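Peer 1: model this:
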Amino acid sequence: MTITKKKSGKALATLINPFDQKAEVEFAIPGQASYNPGLYEDNLKKGYELIQRPRKAAGVSAITRQHAKKRMTIWERIAVLTDETPTVLFQNWGKNLDGASLVTAVVKINGRDVALYGHDFTVRAGSMDATNGKKLARLFELAGKRRIPVVGLNDSAGAYVPAGMGGLDGYAEAFTALRKISGVVPSIMCMFGFNAGGGSYLPRQGSFLIQPNDTFFGLTGPGVVKSVLGEDVTPEELGGPSVHSQSGITDFVVKDEVAALKKVRQLLNYLPGNNSELAPHQPTSDPLDRKTWDVDLLLKKAFNSPTGFNTPIDVTIMIQQLCDHGDFLEIQAERARNTITALGRMGGNVVGFVANNSAVSSGQIDIAAAYKNARFIRFCNLYNIPVIFMEDTTGFLPGKEQEHQGIVQAGRAMLDAIIDLRTPRFLVIIRNAFGGAYASYNNYPTGADFVVALPSTRAAVMGPAGIEFVYKKELQEIRAALKSGAQSADWAKEQEALLARRYEEELMNPNEALSLGAVSQIVMPRDLRKVLCENMAFHLRHYTPEPFNSVQREFH
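Peer 2: The predicted model follows:
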């Protein structure tokens, strides 16, 4: 920025750099004896300026305003995300820069071809008109045709109001095109800046959504809410990461834009290009038969503690021990932590994990957990990702609030996703596997390929409360003796404790499950990685990745 003076003597700030000297572009041909520009070179110059136009359309002042908001321009975001200069598509800019507020391109990320779009907020606030919609729809069609993933860098105020119905038609065309490739190629959406209306609908059609802090997206902004409902609400309270991460709309919350772009690169490493292939294999130096001693240590410390088999366990420690070099990527980490959904690798193969986390609410499955599981399982099913279920739950969360909000519907959504799952799928029973939670989880009757149990397994129709049904007569006699005064309270307590121990020894263990074939084998905790890696490698060798061709069910 420089300071100049008017005739009045007042200082005036300007963004013009007086030392910026524009070099004249020459179109000479190598080896040419002489260079005398004429009509041909004038046309080349006009074409060159048109090619450069999207990068320069904003101007210094608009870019400065974008930076003042702590946001990058679309071109800076692309530069951070990609390996090399992108191939920009559909350069259809009219006299009013029609379509220039949206950039579409084919780029290289981690050496893979990716179809990318991004709103240019420095031009018309990244708003959409009919030209933008057609341009975006063509990109989605290209991605589906060439079977490559989609990445969206969203930073849009929504439909371009002066365009009238053209803006709405543009969004409708883009909505339709993106829906048609859903389940064909995976897509990752980043939410930058302040997005409203169609700028929120469209990205949530994607497979995964990443939202940095200090950003907003929603059907309407705080101003509209104030004018219509009279409510004062901040952008964060209405549509910030703290809101969307809890509802399940946002899959990843990150610190800033750079972190979001890095998350895109990280996530792509776990995803196949399309629904006809496996996720990329990554050779590993982590031995398949590595002993998982830390799993042994975790369970030893937990179950030998004063609270015994009621001690909570952080299942992410077990997932870390199973994955190559302990590396995994948790999905929706801020939501429903009583269940864990994650992508990792075992023996170089990408694997999805769905695990009850008893460290939170005893691992009970509530509405949020059921929907979180269902959505992740459906994604793995579409894109040929095998799934390992890790069970340690006392059941579905009971209560009036859960019933009123539809726990039956949510549980059914999870069960449906499990039944429909066609990829190799395993079940590891860690400890508790009770009642309907066991029956609706991944098991042999619902289609599991391999079921193992740790020695700590307690599989039964009911947990400790089942003693009231199994030993009903004995308990009645004990309580009658206590009530009549024939026996003391200490005696009654001792007798009930003996029955509880008998219930655990007879029913709350893996013995019956093993004898009925509900469990294939008992695995020592230290051998868990070895057993799972070897069996997963076998199943993947005999699995043919292909699109999901089953009947589309009524519910999803």
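
Peer 1: give me the number of residues near G199?
Peer 2: Number of residues near G199 (other C-beta atoms under 10 Å) recorded here: 26. No exception for glycine: its C-beta is placed from N, CA and C like everyone else's.

Peer 1: Now do the SS call for it.
Peer 2: helix (DSSP: H, G, I helix; E, B strand; the rest coil).

Peer 1: Tell me the secondary structure at the nearest residue to it once chain neighbours are set aside.
Peer 2: Excluding the flanking residues, the one nearest G199 by C-beta to C-beta, 6 or more residues apart in numbering is S156, at 3.8 Å. Secondary structure assignment for S156 (three-state DSSP): coil.

Peer 1: Is S156 in contact with G118, as I believe?
Peer 2: No. Applying C-beta atoms under 8 Å, one finds S156 not in contact with G118, separated by 9.6 Å.

Peer 1: what about the two, which has more around it?
Peer 2: Counted by other C-beta under 10 Å, S156 and G118 do not tie: S156 has more neighbours, with 33 against 25.

Peer 1: Who are the contact partners of that one?
Peer 2: Contact partners of S156, counting by C-beta atoms under 8 Å, 6 or more residues apart in numbering, are 101, 119, 121, 125-128, 195-196, 198-199.

Peer 1: close enough to count as contact, T341 and F328?
Peer 2: No. In this structure, T341 is not within contact of F328 by C-beta under 8 Å, at 10.5 Å.

Peer 1: neighbour count winner among the two?
Peer 2: Ranked by neighbour count (other C-beta under 10 Å), T341 and F328 place T341 first, with 25 against 20.

Peer 1: Now the more buried one. Nearest residue, chain neighbours left out?
Peer 2: Closest to T341 by C-beta to C-beta, 6+ apart is F376, at 4.1 Å.

Peer 1: quick one: the helices in the stretch 301-450 of the chain?
Peer 2: With helices called from DSSP state H, counting those that start in this stretch, the stretch 301-450 of the chain shows them at 315-322, 367-382, 400-405, 407-420, 435-439.

Peer 1: would you turn these into TSV with mean pLDDT and distance to N110?
Peer 2: Converted to TSV, the helices of the stretch 301-450 of the chain look like this (pLDDT from 0 to 100; distance: least, C-beta to C-beta, whole Å):
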stretch	mean pLDDT	distance to N110
helix 315-322	97	23
helix 367-382	96	20
helix 400-405	94	41
helix 407-420	94	29
helix 435-439	79	38
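
Peer 1: Quick check: which of these is nearest to P272?
Peer 2: helix 367-382 (9.8 Å; C-beta to C-beta).

Peer 1: so N195 is in which element?
Peer 2: Assigned by DSSP states H and E, N195 falls within strand 194-196.

Peer 1: in that strand, what's buried?
Peer 2: 194-196 (16 or more other C-beta atoms under 10 Å).

Peer 1: Please apply the same query to stretch 310-320.
Peer 2: 310-311, 313-316, 318-320.

Peer 1: re earlier: overlap in contacts of T341 and F328?
Peer 2: Taking C-beta under 8 Å, 6+ apart as the contact rule, T341 and F328 both touch F353.

Peer 1: Give me the three-state assignment for the closest residue to A433 other than its chain neighbours.
Peer 2: Residue nearest to A433 in three dimensions, not counting chain neighbours: A459, with 4.3 Å by C-beta to C-beta, 6+ apart. What three-state DSSP gives for A459 is strand.

Peer 1: Report the contact partners of A459.
Peer 2: 429, 433-434, 438, 453, 508-510, 512-513, 518-519.

Peer 1: one more time with 7 Å, if that's ok
Peer 2: A459 is in contact with 429, 433, 438, 510, 513, counting by C-beta atoms under 7 Å, 6 or more residues apart in numbering.

Peer 1: can those go into CSV with extra columns for neighbour count and distance to F175?
Peer 2: Formatted as CSV, the contacts of A459 follow (neighbours: other C-beta atoms under 10 Å; distance: C-beta to C-beta, whole Å):
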residue, neighbour count, distance to F175
I429, 27, 43
A433, 29, 42
Y438, 21, 40
P510, 21, 50
A513, 21, 47
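
Peer 1: can you tell me which two in the residues you listed are farthest apart?
Peer 2: Y438 and P510 (12.1 Å).

Peer 1: Just give me the longest strand of the chain.
Peer 2: When the chain is scanned for its longest strand (criterion: DSSP state E), the result is strand 425-434.

Peer 1: can you count the residues close to G133?
Peer 2: Around G133 there are 28 other residues, counting by other C-beta under 10 Å.

Peer 1: tell me which element it falls in.
Peer 2: With DSSP H and E as the test, G133 turns up in helix 130-146.

Peer 1: With E494 instead?
Peer 2: Going by DSSP H and E, E494 is part of helix 489-506.

Peer 1: Can you point out the buried residues in that helix?
Peer 2: 492, 495-496, 499, 503.

Peer 1: what's the answer for stretch 197-211, then?
Peer 2: Residues of stretch 197-211 classed as buried by neighbour count (16+ other C-beta under 10 Å): 197-203, 205-211.

Peer 1: returning to what we had before: which phi and psi does the residue nearest to G199 have?
Peer 2: Note on S156: its backbone torsions stand at phi -140, psi 140 [degrees, to the nearest 10].

Peer 1: Report pLDDT for it.
Peer 2: If you check S156, the pLDDT there is 88.

Peer 1: just S488 next, same as before
Peer 2: 82.

Peer 1: before we move on, back to that, next secondary structure after the helix holding E494?
Peer 2: helix 511-515.

Peer 1: I'd like the average pLDDT over that following helix.
Peer 2: 75.

Peer 1: is it true that V350 touches I385?
Peer 2: Yes. The pair V350 and I385 qualifies as a contact (C-beta atoms under 7 Å) at a distance of 5.9 Å.

Peer 1: any shared contact partners between these two?
Peer 2: In contact with both V350 and I385: A279, using C-beta under 7 Å, 6+ apart.

Peer 1: Quickly note the distance from the residue of the chain most remote from its centre to K530.
Peer 2: Within the chain, the residue lying farthest from the chain centre (C-alpha atoms, centre = their mean) is A486, at 62.0 Å. Distance from A486 to K530, counting by C-beta to C-beta, to the nearest Å: 56 Å.

Peer 1: Could you do G308 as well?
Peer 2: Going from G308 to K530 by C-beta to C-beta gives 28 Å.
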